[in-house]
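Visitor: Fold the following for me, if possible:
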Amino acid sequence: MGQRQSQPAAVDAASNTSISQSATSNAFEAKLNPPAEDARSHNFGQPIQPSDGKKNASKLLTDCTVQQRASLQCIEENYENKDVACAPFFEEYKKCRREEHERKLERNSRAF
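Guide: Alright, predicted model coming up:
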C-alpha cells in the first residue's frame, strides 16, 4: 500500500540501452555549466556579436534614455518608498515614451 515504485530508467534510443536518472541529470547539468576550459567560448545565452566589430542596435532604442536612467536611479535610492518618491520621474518617463510612440505612429502612417 505505501510502497514507492522506482522511476523507470530512461532509454537511449540510439543504442537501446537504459540510462540511470542521475546520469541523465548529470548530462543535463554539464550542458548548463560548461567546464572552466570551455567558459571563455560559452556565450552565456547572449547573442553572438558580429566579428567585424560593429554592434547591433539594441532591442529597445529610445529617445527617453535620460528619463529612464533618472527613474531607475530614484528607485535605487528610494527602494522602500519608490511609488511616492519617484512618481514625478515615472510620469516624465511615461510622457516621453507616449510622445515617442505618437511620433512613431505618425511616421508609420506617412510611410504608406
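
Visitor: quick one: low-confidence ranges for this structure?
Guide: In the predicted model of the chain, residues 1-60 satisfy pLDDT under 70.

Visitor: For the helix or strand where Ser71 lies, name the packing helices and strands.
Guide: Applying DSSP states H and E as the criterion places Ser71 in helix 65-77. Judged by 3 or more C-beta pairs under 8 Å, 6 or more residues apart in numbering; DSSP states H and E, the packing partners of helix 65-77 are helix 82-85, helix 87-111. The C-beta positions use only the backbone N, C-alpha and C, and glycine is treated the same way.

Visitor: buried set for it?
Guide: Gln67, Gln68, Ala70, Ser71, Cys74 (16 or more other C-beta atoms under 10 Å).

Visitor: What about Glu80, how many residues nearby?
Guide: For Glu80, the count of nearby residues is 7 (other C-beta atoms under 10 Å).

Visitor: Also Phe89?
Guide: The burial count for Phe89: 20, using other C-beta under 10 Å.

Visitor: For the closest residue to it other than its chain neighbours, give its distance to Lys95.
Guide: Distance criterion C-beta to C-beta, 6 or more residues apart in numbering; nearest residue to Phe89, sequence neighbours excluded, is Ser71 at 4.0 Å. Note on Ser71: its distance to Lys95, by C-beta to C-beta, to the nearest Å, is 12 Å.

Visitor: got the angle between the helix holding Ser71 and helix 87-111?
Guide: Interaxial angle, helix 65-77 versus helix 87-111 (axes from the mean of the first three to the mean of the last three C-alpha atoms, to 10 degrees): 150 degrees.

Visitor: Other residues contacting helix 65-77?
Guide: Applying C-beta atoms under 8 Å, 6 or more residues apart in numbering, the contact partners of helix 65-77 are Thr62, Lys82, Ala85, Cys86, Phe89, Phe90, Glu92, Tyr93, Cys96.
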